[in-house]
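# A predicted structure for the sequence below; I have some questions about it.
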Amino acid sequence: MERTATNLLSLEEYNQLEEETSVRYEYHDGEVFAMAGGSPKHGIIAGNIIRLIGNHLKDGCTVGSSDLKFYIESINKSLYPDASVICRPYQTSDHDRNALTNPILLVEVLSEGTSNYDRGSKFHYYSELPSLREYVLIEQNMWKVETRYRDTTEEKWKMDWFEGEDASVTLHAMNATIPLAEIYQETEDL
């Protein structure tokens, strides 16, 4: 449904909507979009990456699932990544009471319907978060992972690709290496 300026929701109305329903919504400066469910393969890959990231975290940091929301104040958006890493002190939004604002790493498992959005606009939105150091995109239908990481010495984003059964992805934000075989574990028959 397309919204017009006369029926945009305030952030307060959006928070109330999420509290009253069991549906999660992304908030885009007044517009709300219901989050679609993923395929079984998407769910297994997301679960695998959450477990694998969690195994590499040091004290003071934790991994979040797709239920963890982040608010981007500079562009008035609330978004849900598939996985995230947050370190202490956790910063909650003053504007969206159920959202954090300081992830260091965000992960999206790509699907046919969201791939362009996740690679384009959503990356642009997330890059507005000053704390974000890395954005990870995991292909669902091929063994391929793309990372975008903030090079603080040059103050720009760089990209890496990791592909194939024998490859391992380097997560710069965590100084960790994870084999793609573990990310895609138990997805062969899906």
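It's in.

# Met159 is in contact with Asp151, correct?
No. Distance between Asp151 and Met159: 10.5 Å, which falls outside the contact criterion (C-beta atoms under 8 Å). All C-beta atoms are positioned from the backbone trio N, CA, C, and that covers glycine.

# so the residue at minimal distance from the centre of the chain: helix, strand or coil?
Here the mean C-alpha position of the chain is nearest to the C-alpha of Pro81 (C-alpha atoms, centre = their mean), at a distance of 2.5 Å. At Pro81 the chain is in coil, as set by DSSP: H, G, I helix; E, B strand; the rest coil.

# tell me the contacts of it?
When the contact criterion is C-beta atoms under 8 Å, 6 or more residues apart in numbering, the partners of Pro81 are 66, 68, 70, 103, 106-108, 126.

# nearest residue to it in space, please, no chain neighbours.
Spatially, and ignoring its direct neighbours in sequence, Pro81 is nearest to Leu106 (4.3 Å; C-beta to C-beta, 6 or more residues apart in numbering).

# alpha carbons of stretch 172-187, in PDB - could you do that?
What follows is the C-alpha trace of stretch 172-187 in PDB, where atoms were taken according to Å, rounded to 0.1, in the frame of the first residue of the first chain:
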ATOM      1  CA  HIS A 172      37.000  -7.200  10.200                       C
ATOM      2  CA  ALA A 173      34.800  -5.700  12.900                       C
ATOM      3  CA  MET A 174      35.400  -8.800  15.100                       C
ATOM      4  CA  ASN A 175      38.800  -9.900  13.800                       C
ATOM      5  CA  ALA A 176      37.300 -13.300  13.000                       C
ATOM      6  CA  THR A 177      37.400 -15.800  10.200                       C
ATOM      7  CA  ILE A 178      34.400 -18.100   9.500                       C
ATOM      8  CA  PRO A 179      34.300 -20.900   6.900                       C
ATOM      9  CA  LEU A 180      31.500 -20.600   4.400                       C
ATOM     10  CA  ALA A 181      30.900 -24.400   4.900                       C
ATOM     11  CA  GLU A 182      29.700 -23.600   8.500                       C
ATOM     12  CA  ILE A 183      27.500 -20.700   7.400                       C
ATOM     13  CA  TYR A 184      25.700 -22.900   4.800                       C
ATOM     14  CA  GLN A 185      25.700 -26.000   7.000                       C
ATOM     15  CA  GLU A 186      22.500 -28.100   6.800                       C
ATOM     16  CA  THR A 187      21.200 -26.100   3.800                       C
END
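
# run through who's touching that stretch.
41, 44-45, 48-49, 52-53, 56-57, 61, 85, 104-105, 133-134, 138, 143, 145, 147, 149, 162-171.

# kindly report the same for stretch 33-44.
Defining contact as C-beta under 8 Å, 6+ apart, one finds that stretch 33-44 is touched by 23-26, 46, 80, 82, 109, 111, 113, 140-141, 185-187, 190.

# again, 6 Å this time
For stretch 33-44, the external contacting residues (C-beta atoms under 6 Å, 6 or more residues apart in numbering) are 23-26, 109, 140, 186-187, 190.
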